[in-house]
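**Q** The sequence and its predicted three-dimensional model are supplied below.
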Amino acid sequence: MVPPAIEVSDLAISYGDEVIFSRESFKLKGYGLTVVIGPNGAGKTTLFKGLLGLIPVRGRVLINGIDVTGKAEEAGKLVGYVPQFKAEDYSFPINVKEIVESAIALRRKPPRIGFPREVRARIREVMKMMGIWDIRSKPLLELSGGQRQRVFIARSLVWDPPVLIMDEPLTAVDPIGRADLVKMIKELAENKLVLVSSHDPSFFLDKTENLMVVNKRIVALGSPKEVLKEDLLSKVYGRSVFLVEKCVHVVDGYAI
């Protein structure tokens, strides 16, 4: 099997007159975890949407060697996406199993009801792996923040994509649920190319292959040892960065 890869050349993204990214290029290859950090409003979500073809971009985006620039449908064949969700997104009268099944249903031609045996087995396998099979009949509104994130991660995994992108998956998750999610994300990165945005890179640091710092441009991309330097991060975060016993910490009000 060919290792997963993302190759970006001269990426440019604008909102009206505001330039968010201008001629950015980078490569990510192989299994492992890339953590994307940056202050609120730095462009982390914009970058992910650009890679996925969900917003207009200039330049070129290749995933596994396939040009998916501005092609959400093509990118969606290779990438599982867990976006940020707002509170109102959880109020729909739909249960856990229906959310996970929707990832398969939307890829099928009408009529979309009923699944072959192997598909049903895959859905059950992923839900058990994510620890949500026993709550499959519960509506989203009754779940904790951690349970909801597990549901949406399961939804992104059910068709086994080689690349997984998760936008702030730890937001609104309690400490116990957060620890469980971090462990699961690290395990997923053993067999996929995983990109995760986070306000605190320390959660993933022991398994992070690459750390990308974003602030309306790609400020840095490299190993944590190369990137977690006080002088570099101070230019991005200002007083939110401090040094404790030679360990650089980022203190961000959105981390919890």
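**A** Yep, it's here.

**Q** Can you name the helix or strand that Asp231 falls in?
**A** Taking DSSP states H and E as the definition, Asp231 sits inside helix 230-237.

**Q** for that helix, which positions count as buried?
**A** Of all the residues in helix 230-237, those buried under the rule 16 or more other C-beta atoms under 10 Å are Leu232, Leu233, Val236, Tyr237. Every residue, glycine included, has its C-beta placed from N, CA and C.

**Q** and stretch 222-239, how far out from the chain's middle?
**A** Chain-centre distance of stretch 222-239: 21 Å, with C-alpha atoms, centre = their mean, to the nearest Å.

**Q** in this structure, which helix or strand is least confident?
**A** strand 241-244 (a mean of 54; mean pLDDT, DSSP states H and E).

**Q** that older thread, tell me what the helix holding Asp231 is packed against?
**A** strand 208-214, strand 218-222, strand 241-244, strand 247-250 (3 or more C-beta pairs under 8 Å, 6 or more residues apart in numbering; DSSP states H and E).

**Q** for the record, mean pLDDT for it?
**A** For helix 230-237, mean pLDDT rounds to 87.

**Q** now the angle between strand 218-222 and it, please.
**A** Helix 230-237 runs at 140 degrees relative to strand 218-222, counting by axes from the mean of the first three to the mean of the last three C-alpha atoms, to 10 degrees.

**Q** mind saving the C-alpha coords of helix 230-237 as CSV?
**A** What follows is helix 230-237, C-alpha atoms only, in CSV (Å, rounded to 0.1, in the frame of the first residue of the first chain):
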residue,chain,number,x,y,z
GLU,A,230,10.4,30.3,22.7
ASP,A,231,11.7,32.9,20.3
LEU,A,232,9.7,31.5,17.4
LEU,A,233,6.5,31.0,19.2
SER,A,234,6.7,34.4,21.0
LYS,A,235,6.4,36.0,17.6
VAL,A,236,3.1,34.2,17.0
TYR,A,237,1.6,34.1,20.5
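
**Q** Residues contacting stretch 115-134, please?
**A** The set of residues external to stretch 115-134 that reach it, using C-beta atoms under 8 Å, 6 or more residues apart in numbering, is 96-97, 100-101, 104, 136, 147, 150-151, 153-154, 157-160, 180, 184.

**Q** what about the helices in the stretch 51-200 of the chain?
**A** 72-75, 96-105, 117-129, 145-157, 175-188 (DSSP state H, counting those that start in this stretch).

**Q** Quick one: those as CSV, columns for mean pLDDT and mean neighbour count too.
**A** Converted to CSV, those look like this (pLDDT from 0 to 100; neighbours: other C-beta atoms under 10 Å):
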stretch, mean pLDDT, mean neighbour count
helix 72-75, 94, 15
helix 96-105, 88, 20
helix 117-129, 93, 15
helix 145-157, 94, 23
helix 175-188, 93, 17
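
**Q** Among the ones you listed, single out whichever gets nearest to Gly50.
**A** Closest to Gly50 of those, according to C-beta to C-beta: helix 72-75, at 10.1 Å.

**Q** packing partners for that closest one?
**A** Against helix 72-75 (3+ C-beta pairs under 8 Å, 6+ apart) you get no helix or strand.

**Q** contacts for that helix?
**A** Leu51, Leu52, Gly53, Leu54, Val61, Ile63, Ile66, Asp67, Val68.

**Q** redo that, cut-off 6 Å
**A** Leu52, Gly53, Leu54, Val68 (C-beta atoms under 6 Å, 6 or more residues apart in numbering).

**Q** And for stretch 35-50?
**A** 13, 20, 55, 57, 165, 167, 196-198, 201, 204, 208, 211-216, 237, 254.

**Q** Sort out which of those are buried, if you could.
**A** If we count by 16+ other C-beta under 10 Å, those have these buried: 13, 20, 55, 57, 165, 167, 196-198, 201, 204, 208, 211-216, 237.

**Q** Flag the shaky bits of the stretch 1-150 of the chain, pLDDT-wise.
**A** 86-91, 106-114 (pLDDT under 70).

**Q** And the strands in it?
**A** Taking DSSP state E, counting those that start in this stretch, the strands of the stretch 1-150 of the chain run over residues 5-15, 18-29, 32-37, 58-63, 66-67, 79-82.
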